[in-house]
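Engineer: Mind looking at a prediction? Sequence and model below.
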Amino acid sequence: MADSITSLAAAADTDADFERLGLTRGHIQVWEDGARTDGRGGTYEWWYFDGHLDDGATLVVVFLTKRDLNTPGGPLEPTIMLDLDLPDGTSRQLRQTFDMTTWSAATDRADVRIGPHRFSGDLHTYRITAALEDVTVDVTLTGQVPPWRPGTGVTRVGSGRNLEFCWLPAVPQGHVAIDYTVGGTSHTTTGTGYHDHNWGNVAMMKIFHDWYWARGKAGPYSVITSFITAHAKYNYTPLPVFMVAKDGQIIADDPQKVTFSTENVHTDRVTGKPVADITRYTYRDGLERYVVTFTRAEYLVREKMIDQVHGLKRLGARIVRFDGAYLRFAGDVHVEHVRAGELVDEAHDRGIWELMYFGHARPPAF
């Protein structure tokens with residue numbers, strides 16, 4: 001029985017899946033970063049960017065088709081999210097929803113427009129411009145690692161495998177050149193950045209229980225990692241994602257070879273969720289082993305999702321005891337390459353990662 005339940009949540013990575021989606025193994029086409037939904041009820045989509053800037057700031061910009069991804073049944077609600085954390089400790093978390101008539105999105109490439117704001121690119125070079133309240137950003141992101149996806153990038157869930165969550169890391173790592181202003185003060189700097197694209201046809205809280213997701217750079221290594229846990233009705237099926245590139249070339253990306261572990265797990269006082277200070281991904285391939293460890297130094301975001309819901313939706317969320325939370329961390333990324341038990345190479349750097357928690361804290365396993 002457990003095996004049949006587990007099979008209800010899995011990556012779509014068969015030859016038939018590739019043929020159905022018009023995709024090619026190991027080759028990403030420019031149209032894949034174009035609009036994959038039309039904003040109709042029951043769908044959602046977003047284009048995401050984050051950057052670690054050389055002046056010490058971190059920036060996240062997201063263009064979304066829906067304001068609330070947990071209730072995607074409504075009409076198009078073009079929304080921009082902009083989070084900027086400055087080295088002096090100042091943090092701006094801005095959200096703005098626009099009239100649907102201001103939205104357009106190309107299907108043959110990434111070219112998303114919400115009013116005067118734009119997120120466009122071709123799998124290698126991207127331009128992102130946005131202005132919310134007293135913050136403006138003008139970003140150029142140039143890829144240093146080729147676009148990548150785990151299999152087709154699609155996770156299929158349900159007895160008919162018709163519920164889908166889709167993901168394309170179009171720029172696993174890139175160089176950032178940015179001009180930004182805060183409160184009238186202008187800054188020009190560079191840094192490293194990342195862009196991915198997500199879409200789906202089912203509310204994530206209905207298919208996932210939680211996930212850790214991270215991307216980072218350390219020395220010659222670039223990494224993308226995720227450990228997704230499916231909803232309880234899918235037996236908490238683990239869905240790992242792992243990619244390591246060295247000097248711009250992908251060298252490890254088979255999720256079947258990954259184990260995930262946590263250390264120093266405690267209950268976060270703000271969200272009430274179990275949070276690991278250390279998350280570790282270990283990739284074993286014969287005598288080769290890559291170990292990627294994220295060690296939390298600080299919180300960047302700690303939000304209860306219900307705090308972003310208002311009016312009747314908030315009342316409904318309370319009635320059903322909705323308990324979702326989102327946390328973003330910053331800290332140390334450590335990459336180790338071990339061969340036949342001997343350390344070959346290691347590198348450290350600063351990174352950003354997140355914990356998305358849709359459900360109640362998972363009961364302990366006995």
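Structural biologist: Thanks, I have the structure now.
Engineer: The longest strand anywhere in the chain pairs with which strands, parallel or anti?
Structural biologist: Residue-count comparison of every strand in the chain, with assignments taken from DSSP state E, identifies strand 163-182 as the longest. Applying DSSP bridges to the sheet, strand 163-182 is found paired with strand 135-143 (antiparallel), strand 154-157 (antiparallel), strand 185-200 (antiparallel).
Engineer: now that strand, how far from the centre of its chain.
Structural biologist: Once both centres are worked out by CA atoms, centre = their mean, to the nearest Å, strand 163-182 turns out to sit 9 Å from its chain's centre.
Engineer: how about that strand: buried residues?
Structural biologist: Along strand 163-182, the positions that meet the burial threshold by neighbour count (16 or more other CB atoms under 10 Å) are 163-176, 178, 180, 182. To be clear about C-beta, it is placed using only N, CA and C from the backbone, and glycine gets the same treatment.
Engineer: mind saving the C-alpha coords of it as PDB?
Structural biologist: Extracted C-alpha coordinates of strand 163-182, given in PDB (Å, rounded to 0.1, in the frame of the first residue of the first chain):
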ATOM      1  CA  LEU A 163      -1.500  17.900 -10.900                       C
ATOM      2  CA  GLU A 164       1.800  19.600 -11.800                       C
ATOM      3  CA  PHE A 165       4.400  21.800 -10.200                       C
ATOM      4  CA  CYS A 166       7.100  22.900 -12.700                       C
ATOM      5  CA  TRP A 167      10.500  24.500 -12.300                       C
ATOM      6  CA  LEU A 168      13.200  25.800 -14.600                       C
ATOM      7  CA  PRO A 169      16.500  27.200 -13.200                       C
ATOM      8  CA  ALA A 170      17.200  29.300 -16.300                       C
ATOM      9  CA  VAL A 171      20.300  31.000 -14.800                       C
ATOM     10  CA  PRO A 172      21.800  28.700 -12.000                       C
ATOM     11  CA  GLN A 173      24.500  31.300 -11.500                       C
ATOM     12  CA  GLY A 174      25.200  34.600 -13.200                       C
ATOM     13  CA  HIS A 175      27.100  37.900 -12.900                       C
ATOM     14  CA  VAL A 176      24.900  40.800 -11.700                       C
ATOM     15  CA  ALA A 177      25.400  44.500 -12.600                       C
ATOM     16  CA  ILE A 178      22.800  46.700 -10.800                       C
ATOM     17  CA  ASP A 179      21.800  50.200 -10.200                       C
ATOM     18  CA  TYR A 180      19.300  50.600  -7.300                       C
ATOM     19  CA  THR A 181      17.900  53.400  -5.200                       C
ATOM     20  CA  VAL A 182      16.500  53.500  -1.700                       C
END
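Engineer: Tell me which strands the helix or strand hosting residue 61 pairs with, and in which orientation.
Structural biologist: Under the criterion of DSSP states H and E, residue 61 resides in strand 58-64. Looking at strand 58-64 with DSSP bridges, its paired strands and their directions are strand 44-53 (antiparallel), strand 79-85 (antiparallel).
Engineer: That strand - what's its average pLDDT?
Structural biologist: Mean pLDDT, strand 58-64: 96.
Engineer: Looking at per-residue confidence, what score does the residue nearest to residue 262 when sequence neighbours are not counted get?
Structural biologist: Setting aside the residues directly before and after it, residue 262 is nearest to residue 276 in space (CB to CB, 6 or more residues apart in numbering), at 3.6 Å. Listed pLDDT for residue 276 reads 96.
Engineer: Alpha carbons only: can I get the helix or strand where residue 276 lies in CSV?
Structural biologist: If you go by DSSP H and E, residue 276 is part of strand 274-285. Taking only C-alpha atoms (Å, rounded to 0.1, in the frame of the first residue of the first chain), the coordinates of strand 274-285 have been written out as CSV:
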residue,chain,number,x,y,z
PRO,A,274,10.9,23.2,13.1
VAL,A,275,14.0,24.9,11.7
ALA,A,276,17.4,23.2,11.1
ASP,A,277,20.5,25.4,11.7
ILE,A,278,22.4,23.0,9.4
THR,A,279,21.1,21.3,6.2
ARG,A,280,23.4,18.9,4.3
TYR,A,281,23.2,17.2,0.9
THR,A,282,25.5,14.3,0.2
TYR,A,283,25.9,13.1,-3.3
ARG,A,284,27.6,9.7,-3.9
ASP,A,285,28.7,8.5,-7.3
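Engineer: Tell me which helix or strand comes right after that strand.
Structural biologist: Tracing the chain C-terminally past strand 274-285 and defining elements by DSSP H and E, one meets strand 288-304 next.
Engineer: Ok, which of the strands paired with strand 163-182 comes nearest residue 57?
Structural biologist: Proximity to residue 57 (CB to CB) singles out strand 185-200 among those, at 7.5 Å.
Engineer: Extract the C-alpha set from the closest one and format it as PDB.
Structural biologist: Backbone C-alpha positions of strand 185-200 (Å, rounded to 0.1, in the frame of the first residue of the first chain) are rendered in PDB as follows:
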ATOM      1  CA  THR A 185      20.000  57.400  -2.400                       C
ATOM      2  CA  SER A 186      21.600  55.700  -5.500                       C
ATOM      3  CA  HIS A 187      23.900  52.700  -5.500                       C
ATOM      4  CA  THR A 188      25.800  51.000  -8.300                       C
ATOM      5  CA  THR A 189      27.400  47.600  -7.700                       C
ATOM      6  CA  THR A 190      27.900  44.100  -9.000                       C
ATOM      7  CA  GLY A 191      27.400  40.600  -7.600                       C
ATOM      8  CA  THR A 192      26.300  37.100  -8.300                       C
ATOM      9  CA  GLY A 193      22.700  36.200  -9.100                       C
ATOM     10  CA  TYR A 194      20.200  33.500 -10.000                       C
ATOM     11  CA  HIS A 195      16.900  33.200 -11.900                       C
ATOM     12  CA  ASP A 196      14.300  30.500 -12.100                       C
ATOM     13  CA  HIS A 197      10.800  30.100 -13.400                       C
ATOM     14  CA  ASN A 198       7.900  28.200 -11.800                       C
ATOM     15  CA  TRP A 199       4.400  27.400 -12.800                       C
ATOM     16  CA  GLY A 200       1.700  24.900 -11.900                       C
END
